[in-house]
Structure formats: structure tokens, C-alpha cells
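J.: Can you look at this prediction? I've put the sequence above it.
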Amino acid sequence: MQTKEIVVPTSSISMLRKPDPLADTQMTVSMGPQHPSTHGVLRLELVLDGETVIKAVPDIGYLHTGIEKTMEKEKWQQVVTVTCRMDYLNSMGNDLGYCLAVEKLMGVEVPRRAQDIRVLLTELNRLASHQVWFGTHAMDIGGMTAFFYAFTERERLLDLFECVSGARLHQSYFIIGGVRWELPDNFLSLCADFLGTYPKFLDECRRLITGNRIFQRRTKGVGRISREEAINWGLSGPTIRGSGVNWDIRKAEPYSGYDTYDFRVPVYDDGDVWSRYLVRMEEMEESWKICNQALERLKEPGEFMSDHPKLKLPARDLMKEHIDVMIHHFLLASEGFTVPIGEVYQSIESARGEIGFYVVSDGAERPYRVRVRAPSFVNLAALPAMVEGQLLADVVAVIGSIDIVLGDVDR
Amino acid sequence: MTIYRRFRGEHFLDVNEDGKEKCVSCFLCAAACPADAIYIEGAEDARSYEERHSMDHRYAKIYQIDYGRCILCGFCVDACPTDAINHGHNFEWAVYTPGEMVKDKEYLLANKWREPDVTPNENQRHLAAKQKMGKLNIILK
């Protein structure tokens, strides 16, 4: 008798098994874009098995502003008004990166004092940015108090920015060739006051959060990314230094005279949220040291702006007296200046990592193309590798630890 | 409320010591504006210095700043060759309709007298009397 082979589809085999109601039940959760702990309008599509994250897909673009395209419409000197609006927590750093790129293309030498002003203000801005990170990161994990401490201190920093540039967030203080105005008379003493009390604040922060057992349990071993993976993902900033890679643009490719400052680059090896926390906390201390050194150098007088005739607006009293100077002023303010044909890449260490500006000039008074290598974008790309296999509640801890700014991700 | 002197708030249009508008409608602020927020229409005024609006024969017939576009970067102030446009210190400018965000020349001229450290002289007093808004409640440092 011929036996007939019975082909049983695999799906029905699993049906024959005793069903486990909890096995293989995957749920897709859309986290964001209005989720408060996504630091903006980030949407994460999470596939969950119970509370474990199986798959995470970041969905970006909610804050796309077309800034790179807007830059092509602006004149060279006007672009700083949009660069500071990308990564709005580290606006001075963005302006610095763009200005350095164009200065490199033009071959302009920036005076010593202008460089020191730039270093002081970018480091102060790094402090401000890290304080926002500190407050929100602790709040994501459940500690509300740290937020108030961090933001009170940040307010003092924003006051300093207001004093020096007239704006608290979008300063547009750095321009190509230097800075826009001389520092106000009282700025150095205000800054010294701030820096004098800053170690006390850092100490408070440490006592508040670092020794906290709940915070440590929520962060140690969470969101781990290995050294090799971190390098392969192209991470930068505190995120890669938390994975044991000593990579800091300030040391690797010094700009604005960072090689003459005495500071250390904190590196931790574990690659988890806790390591990244420790890196940023120590980085604030190092930034404080750089600020003190820069402040010491700024006590000597000097030029705040390159005397390149195309970059510096003429002195106002001369401009009002002489018609030729007036014509020069008109041409600079209305038509701007041209930049030699060429392409250049310049990167700096922002509070989030390596922010790079790839600037192409076709010899006109406007950039042909500006491409921004945004640190938040690259760091966010590694988020799935960090959170997959972790618990849902750890996702917010990991997002806080890579410290993304959605304005920087989407541009 | 204390505000730093350099704070870039709502603009004001300046007048000289005779109460004549400093703006001569050269369009340089509009050219320097990265956000295209400034709209000007210039005109000629052939009358004598005592009778005309501006300190020059040219004056701005229409001068509008659209605060829906303005990003308060201060490039117009840097560009102005006659120091006509300046940043004031007002920052309370919430409005109910988008149309109210466009401020005209009368408003911007009146804004000068709201500044806490500005006091009009004899020739400017009639201008200052025209505006209804009181002084800004701020202290400059």
C-alpha cells in the first residue's frame, strides 16, 4: 500500500503546540514625537516583547528646517544667523565651526584675542549645554530636583551671553574674521564671578546625582556600546569617550589655539549610560579650567577682529566723514564679499561631538553649498544598537545619555 | 527687571537733536537683513530743513519691520550708516493676529521714548508727547 506523504505546514506545527499566551506576542509602540523624554520631536518605533525592546527605529524629520538650503541663499557673513539655530543649545560652537571653515577657505588669520574670546564663549556654551543635559537626563530617570539646580545655573550663563552679545540663545556673535564687538567692560568681572562659584555648583550636582543609588542602578550596564561598535558607527563626543576611545577634536586637530590650553580629555571604558554620564561631568570641570585660562589671557588688550579689509566694517566715524569709506561700507553691507573658489572641511568639538562644515565656494558672495556633519544625527543612528535587548524604561535613559538635539539631527 | 545694555530687543528709529528722522531711506538695513524682514519705500522731500521729516532730502515714506520674520540678529543696526535704526530693550510684544506683527514707522519712532535711559530735549518734546505708551519697566545694566 502506498503511503501518502503528508506535508504539514510549519505554521500549523506551532499551532499544535500548547500555546503560551505570552510567547511571540510582539507589540509595536510608537514613542514620540510628543514624548517629553525624547528631547524634542523624535519618534521611535519600538517593537516590544513584553518590556524588552526587540527593535528600535528612529523616525526623524519632524524638525526639518532646511537650514542647509537657507545657507545657500544667505551671504557669507549672514550665514551665522542660521548656523546658531541648528544646535540651539550649543549655538556658539556652530558659529565657530562655520567661521573657521570660511576663514580656512579665505586664508584669514584671526587675531590672538579674538581666538581667546571664541574659546571662552564656546566653553561657556558647552557648560550651558551640559547643564541642560544634566537636568533633563536626571529628570528622564526620575530625579526632578537636578533639573532646577541645573537650569538656575544655566540662567547665569545665558545672562553672560546676553551681556556680551545681546541675545541669550541665538547670539550670532562670531563672524568671519573674529567677533562682532569688543567685550563689554564689566564682562570679565561677571565671568570671573560666575567661574568662581561654579565648582561649588558642580560639587552640588555630584552630591545630588552621582552618588544616588537609584540613578546608578538605572544607568550602570544600560545602553552598552563596545569600543569597536562605537568606532564603526562613527560616534563622536562624550558618547564615544564613554566607550573608551580617546577622541576629541580639540586635541586631535586643534583649532583656535586649543593646543595651548592645559586640559584633560576624560575617557571611561564601560560604554554604558553611566560612563557617558561620568565623561560629561568631568568634561564640565575641564571646560571650567579652559574658561579660567582663557579669562586670564583676555586681560591683555588686543584686536577682536581681523583687519582684513573685506571682513571688517569700516570705523563708524571714518565712514561718516569720507565718501570713499562710506562706499566701502555700503558694498560690504549690501553685496558682501567673495570667497575664493574651493572646498574645505572644518570640524570642531561641539558639546555633542564632532560638528563638521563642508563648505563649497564657487567664487560668489554666497556659499554654493554647505553640508553639515551633525553629531546628534550620527549618534542617534547608533541608538538602536544601544537599546535593542534592553528594557523599555531604559530607552529614555539611553536617549538622555547620547544628548541629542533634534534641531541638530534634522537641520 | 534688569536687562543688559547690549540686549537686542524691538528696534526703534532714532531722531536727531532737532527731532528730524535720521533715516534717509538708503535701504542698507533691508539689504543686510538675512530674513528679509524690512520693507522700505523711499521718497524725496524738497522742503527746507525746518519743514521736512528727515535730516536729509530723502526720507522713508514707509518703513516696516515684520517681526514675524525678524530674527533680531542686529545686522541692520551694524549696517545703518546714519545710526537711524537701533535695538531697543522691549521684549514683550505678544499680539493676537499675525498682521499686528508688522510694525510701521510711527510705532518704531515712538519706541525710542519708551527706552528707560532716553529723555527728549526741547526740540524733540513734541514728538515724545505724541506717543501714548509709557516707559518700559526695565533697568539697564
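T.: Ah, there it is. Numbering: from 1, shown residues only, chains lettered A, B, ... in the order given.

J.: burial count for whichever residue of the stretch 101-250 of chain A sits closest to chain B?
T.: For the stretch 101-250 of chain A, the residue positioned closest to chain B under C-beta to the nearest C-beta is A:G166, at a distance of 4.0 Å. In this view, the C-beta of every residue, glycine as well, is placed from N, C-alpha and C. For A:G166, the neighbour count with other C-beta atoms under 10 Å in any protein chain shown is 26.

J.: just checking, it touches B:Y4?
T.: Yes. Using C-beta atoms under 8 Å, A:G166 is in contact with B:Y4, at 7.3 Å.

J.: and A:Q115, that one's in a helix?
T.: Yes. The assignment for A:Q115 by DSSP: H, G, I helix; E, B strand; the rest coil puts it in a helix.

J.: What residues does it make contact with?
T.: The contact partners of A:Q115, by C-beta atoms under 8 Å, 6 or more residues apart in numbering or on different chains, come to A:256-257.

J.: how close does it get to A:Y255?
T.: 9 Å (C-beta to C-beta, to the nearest Å).

J.: Kindly report the same for A:V222.
T.: Here the criterion is C-beta to C-beta. By it, A:V222 lies 34 Å from A:Y255.

J.: Run through the neighbouring helices and strands of the helix or strand hosting A:L380.
T.: Using DSSP states H and E, A:L380 maps to helix A:375-381. Helices and strands touching helix A:375-381, by 3 or more C-beta pairs under 8 Å, 6 or more residues apart in numbering or on different chains; DSSP states H and E, are helix A:392-402, helix A:406-410.

J.: Need phi/psi at A:G50.
T.: Main-chain torsions, A:G50, degrees, to the nearest 10: phi 70, psi -120.

J.: Could you do A:D403 as well?
T.: phi 50, psi 60.

J.: That one and A:G135 touch, don't they?
T.: No. With contact defined as C-beta under 8 Å, A:D403 does not count as touching A:G135 (11.5 Å).

J.: List the residues that contact B:I139.
T.: So B:I139 contacts B:1-3, B:116 (C-beta under 8 Å, 6+ apart).

J.: quick revisit: mean pLDDT and distance to B:L108 for the helices and strands packed on helix A:375-381 - can I get that in a markdown table?
T.: Formatted as a markdown table, the helices and strands packed on helix A:375-381 follow (pLDDT from 0 to 100; distance: least, C-beta to C-beta, whole Å):
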| stretch | mean pLDDT | distance to B:L108 |
| --- | --- | --- |
| helix A:392-402 | 88 | 44 |
| helix A:406-410 | 87 | 31 |
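
J.: In JSON lines: those, plus mean neighbour count and distance to chain B.
T.: Output for those, formatted as JSON lines (neighbours: other C-beta atoms under 10 Å in any protein chain shown; distance: least, C-beta to the nearest C-beta, whole Å):
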{"stretch": "helix A:392-402", "mean neighbour count": "24", "distance to chain B": "29"}
{"stretch": "helix A:406-410", "mean neighbour count": "24", "distance to chain B": "14"}
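
J.: Export the ones you listed as TSV, with columns for distance to A:N379.
T.: As requested, the helices and strands packed on helix A:375-381 are exported to TSV (distance: least, C-beta to C-beta, whole Å):
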stretch	distance to A:N379
helix A:392-402	5
helix A:406-410	9
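
J.: quick one, which of those is nearest to A:E72?
T.: Comparing the helices and strands packed on helix A:375-381 by their distance to A:E72 (C-beta to C-beta), the top pick is helix A:406-410, with 17.5 Å.

J.: ok, and what's touching the closest one?
T.: A:38-42, A:60-65, A:85-88, A:352, A:355, A:374-377, A:380.

J.: Go ahead and measure how far it is from the middle of the chain.
T.: Going by C-alpha atoms, centre = their mean, to the nearest Å, the spacing between the C-alpha centre of helix A:406-410 and its chain's C-alpha centre is 10 Å.

J.: go on, stretch A:265-282?
T.: Centroid separation for stretch A:265-282 versus its chain: 16 Å, with C-alpha atoms, centre = their mean.

J.: ranges for the strands of the chain?
T.: Unless you meant another one, I'm taking chain A. All strands of chain A, identified by DSSP state E, fall at A:26-31, A:43-49, A:52-59, A:174-175, A:178-179, A:342-349, A:354-361, A:369-373.

J.: could you do chain B instead?
T.: Under DSSP E, chain B gives strands at B:2-3, B:11-13, B:38-44, B:58-66, B:85-87, B:102-103, B:139-140.

J.: I'd like to know the average pLDDT value across the second one.
T.: When the per-residue pLDDT values of strand B:11-13 are averaged, the result is 92.

J.: and if you look at the fifth one?
T.: Confidence for strand B:85-87, expressed as mean pLDDT, is 92.

J.: Just checking: what are the partner strands of it?
T.: Strand partners for strand B:85-87, identified by DSSP bridges, are recorded as strand B:11-13 (antiparallel).

J.: try the last one
T.: With DSSP bridges as the criterion, the sheet partners recorded for strand B:139-140 are strand B:2-3 (parallel).

J.: tell me how far the strand it pairs with is from the chain's mean position?
T.: When C-alpha coordinates are averaged (C-alpha atoms, centre = their mean), strand B:2-3 and its chain have centres 21 Å apart.

J.: Any residues of chain A in contact with chain B? List them.
T.: Within reach of chain B by C-beta under 8 Å from any C-beta of the partner chain, chain A has these residues: A:74-75, A:78, A:81-82, A:159, A:162-167, A:170, A:172, A:180-181, A:184, A:313, A:316, A:319-320, A:326, A:329-330, A:333-334.

J.: Now the buried members of these.
T.: Listed as buried from the residues of chain A next to chain B are A:74-75, A:78, A:81-82, A:159, A:162-167, A:170, A:172, A:180-181, A:313, A:319, A:326, A:329-330, A:333-334; burial here means 16 or more other C-beta atoms under 10 Å in any protein chain shown.

J.: Around chain A, which positions in chain B sit nearby?
T.: B:3-8, B:26-28, B:31-32, B:34-35, B:71-75, B:78-79, B:81-83, B:87.

J.: In contact with A:E253, which residues?
T.: Contacts of A:E253 (C-beta under 8 Å, 6+ apart): A:S347.

J.: okay, it: pLDDT?
T.: Looking at A:E253, the pLDDT reads 90.

J.: One more: the one 4 residues further on?
T.: According to the predicted model, the pLDDT of A:G257 comes to 89.

J.: any idea how far it is from chain B?
T.: 26 Å (C-beta to the nearest C-beta, to the nearest Å).

J.: That residue reaches A:R118, doesn't it?
T.: No. If you go by C-beta under 8 Å, A:G257 and A:R118 don't touch, sitting 9.0 Å apart.

J.: between those two, who's got more neighbours?
T.: A:R118 (26 against 15).

J.: Tell me who's in contact with that one.
T.: A:92, A:96, A:110, A:174, A:179, A:256.

J.: Using CSV, lay out these together with neighbour count.
T.: Below are the contacts of A:R118 laid out as CSV (neighbours: other C-beta atoms under 10 Å in any protein chain shown):
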residue, neighbour count
A:M92, 26
A:L96, 29
A:V110, 25
A:F174, 29
A:V179, 24
A:S256, 21
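
J.: which two of those residues lie the greatest distance from each other?
T.: A:M92 and A:V110 (14.8 Å).

J.: Do you know the pLDDT at the residue lying closest to A:R85 once chain neighbours are set aside?
T.: Nearest non-adjacent residue to A:R85, counting by C-beta to C-beta, 6 or more residues apart in numbering or on different chains: A:H170, 5.9 Å away. pLDDT recorded at A:H170 is 90.

J.: just A:R297 next, same as before
T.: pLDDT, A:R297: 91.

J.: that older thread, most tightly packed of the strands of chain B?
T.: Mean neighbour count (mean count of other C-beta atoms under 10 Å in any protein chain shown) peaks for strand B:11-13 among the strands of chain B, with a mean of 24.

J.: Residues contacting it, please?
T.: Residues outside strand B:11-13 that contact it (C-beta under 8 Å, 6+ apart): B:21-23, B:63, B:65, B:76-77, B:84-88, B:105, B:108-109, B:111-112, B:114-115.
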